[in-house]
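>>> take this sequence and fold it.
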Amino acid sequence: GKQLFMNGGAQSVVRNNIFTSRVLYQAHSRGQFYNNRVAGTFQIISSSGWANEKFKIYNNQISRSGNDLGATYALRISSSSYLEIYNNTIAISSTNAGYAFYAEGSFTATSPISFKNNNLYRLDNNTNNYLFRIPNAVAYIEGIECDYNNYFSQGPNFVDEYPTFESWRTATGLDSNSTQLNSQFIIPGDLVITNPLLFSTGTPISYINTDINGVFRNTQNPTIGAFEQLLAPLVNLGNDTSFCGTTYQLDAGNPGSFYLWNTGETTQTINVTASGTYSVFVSNSEGESSDTINVSINPFPTISIIATEDSICAGSQVFFEVTGTTIEGLFWNDLQLNLIERMVMPDSTTVYSGYFTNAQGCTSSVEKIIYVHPIVETSFEITENSLCNNSGTFNFPSGVPSGGTYFVNGNETLNLELSNYENEFVVVTYSYTSTNFCNTTASDSIFVDLCTSTNNNTLNTNKVLYNAVDKIVYFEGDSYLNQQFKIYDMNGNLVVNKTITANKLKLDVDLNTGVYISEINFREGVVISKIILIK
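Numbering: from 1, shown residues only. Predicted coordinates:
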């Protein structure tokens, strides 16, 4: 009968053949053997792949009936590595001792074999036969990968060293997703699985898209063995739905089937971007099915927050306004109140967030970050109590922090021209602006007197003391008898006007906490003192 002997060489591709006798690879590298039917023994001796180019054996039916000299094998591998043996149906029927699958060699983690999605079957019940054997499997375990296979024997014996499937799995840790089910082959003919419990039990292999007959594989859970078996499709697009957004995905399921949507698309899934009725027709070799769904797409509300400022200084207020289509109010996460507008005064940088739900139940959220910069402590003090208006220019003392600006009566100035004032208080304001443009101010005042003599600088200006508890003013030093004594508040209002009759004077008014200016008139000039009253 037709047979194959591949001796030496590399990278051969053997596919879509029927071999009625033996197939042998010997000392061959990186071959590909797929979509073939072998009615005999398939043997691979000293034939390996490379780490980046494996020797691939897949989608083959390998069935050995009869007896060989010595042991009988369906698939035998020896001294070979870097093998990928996937989606093969491997069966044996013999009255002689033998194995459906036999693999021996020095498999390591760096030169492995991989055995997946295969259906191993013993058609005989010979007590001398075994289903498969990997001698010293535990010793070679780092180089062996076995999973998603089905192992079934009509007779006794599983593996030489392991009498049961569970003992094999326990000892090796392999085949955690494999099964032991009767494939229910229809004999004679191809060994096609008819047991639906084995349909869709494999794992996807990237380069195996069809089976031995060219039937498309289930892309998510292919059938093990050489033949893909599809269940008749059952389509369920779900209940009619209403959702918020712009795109909704419909999935017809049943991977590997033929699809036809009423939109003209022929894929398993489609993206819906408009409300409407959608239907799909699905078919495969086992049957057909269809389903229809009504989809309503509702847009999310479009909203935004407009703030008068994004960055403020501590102590300042910010006004929020919510804008958008059909907005009736926004629920703020910090208040849970339905407000379109609000005023806030955060102490530190704060995130204000909220959400709005429209009549269709679609919710949009927004947030606004208000950055808060701390203010800088500012101070300013004039140590003099009074100045004569004929004393020229008065230079302001330095404010803290330095680098600010001075204002008199709202006008920016560098110093004070005393001749511009007479018998009045002058308020000086020091204004400082930080690097974050936060402004703070501090103020102090000084009395500018209309002096008729240039000798007033010789007057003692620290003559007046005030006892806030007893409301008594004390005069120290020279005699002030019969002199007129006046007290002004910082706004220039006269609050005390008395004639001095002794070195202490009882006041009949209660002065509030604050700063005051006292004035005593002499022929030579005016003595003015600053009184700081703290009760």
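>>> which pLDDT does the model give the nearest residue to residue 417 once chain neighbours are set aside?
In space, and not counting its chain neighbours, residue 417 is closest to residue 393: 5.9 Å by CB to CB, 6 or more residues apart in numbering. Where you see a C-beta, it was placed from the backbone N, CA and C, and this is true even at glycine. The model reports residue 393 with a pLDDT of 91.
>>> wait, isn't residue 393 in contact with residue 418?
Yes. Using CB atoms under 8 Å, residue 393 is in contact with residue 418, at 7.0 Å.
>>> who has more neighbours out of those two?
residue 418 (20 against 10; other CB atoms under 10 Å).
>>> show the contacting residues for the more buried one.
387-394, 448 (CB atoms under 8 Å, 6 or more residues apart in numbering).
>>> hmm, try it at 6 Å
387, 389, 391, 394, 448 (CB atoms under 6 Å, 6 or more residues apart in numbering).
>>> what does residue 484 give?
So residue 484 contacts residue 521 (CB under 6 Å, 6+ apart).
>>> can you pull out the low-pLDDT segments for the protein?
1, 325-328, 452-463, 477-479, 522-526, 534-535 (pLDDT under 70).
>>> surely residue 142 meets residue 109?
Yes. In this structure residue 142 lies within contact range of residue 109 using CB atoms under 6 Å: 4.1 Å.
>>> thinking again about what came up before, from residue 190, how far out is the residue nearest to residue 417?
Separation of residue 393 from residue 190 (CB to CB, to the nearest Å) stands at 115 Å.
>>> likewise residue 352?
In terms of CB to CB, residue 352 sits 71 Å off from residue 190.
>>> likewise for residue 344?
77 Å.
>>> assess the claim that residue 59 and residue 33 are in contact.
No. Contact between residue 59 and residue 33 fails when scored by CB under 6 Å: they sit 9.4 Å apart.
>>> separation between residue 130 and residue 148?
21 Å.
>>> try residue 245
38 Å.
>>> which one's more surrounded, those two?
Per other CB under 10 Å, whichever of residue 245 and residue 148 has more neighbours is residue 148, with 23 against 11.
>>> what sits against the more buried one?
Contacts of residue 148 by CB under 6 Å, 6+ apart are 116-117, 177, 202-203.
>>> next, count neighbours for the nearest residue to residue 467 once chain neighbours are set aside.
Leaving aside its sequence neighbours, residue 467 sits nearest to residue 474 (CB to CB, 6+ apart; 7.0 Å). Residues contacting residue 474 under the criterion other CB under 10 Å number 13.
>>> what strand or helix carries residue 474?
strand 472-475 (DSSP states H and E).
>>> in whichever helix or strand comes after that strand, what's buried?
Tracing the chain past strand 472-475, the next element assigned as helix or strand by DSSP H and E is strand 484-489. Residues of strand 484-489 classed as buried by neighbour count (16 or more other CB atoms under 10 Å): 485-489.
>>> ok, so of those, who is nearest residue 38?
residue 489 (116.2 Å; CB to CB).
>>> and that closest one, what does it touch?
495, 516.
>>> again, 8 Å this time
495, 514, 516.
>>> next one: residue 41
22-23, 64, 68, 72-76.
>>> repeat the analysis, applying 10 Å as the threshold.
Neighbouring residues of residue 41 by CB atoms under 10 Å, 6 or more residues apart in numbering: 3, 21-24, 62, 64, 66, 68, 72-76, 92, 98.
>>> cool, residue 182 as well?
121, 150, 152-154, 193-195, 197-198.
>>> just the buried residues out of those, in PyMOL syntax.
The PyMOL selection below is limited to those of these classed as buried (16+ other CB under 10 Å):
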select buried, resi 121+150+152+153+193+198
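>>> of the contacts of residue 182, which is the nearest to residue 237?
Of the contacts of residue 182, the one sitting nearest to residue 237 (CB to CB) turns out to be residue 197, at 26.8 Å.
>>> and the closest residue to the closest one other than its chain neighbours, what is it in contact with?
Using CB to CB, 6+ apart and skipping residues adjacent in sequence, the residue nearest residue 197 is residue 181, 5.6 Å away. Going by CB under 10 Å, 6+ apart, residue 181 touches 119, 150-152, 193, 195, 197-198, 201, 224.
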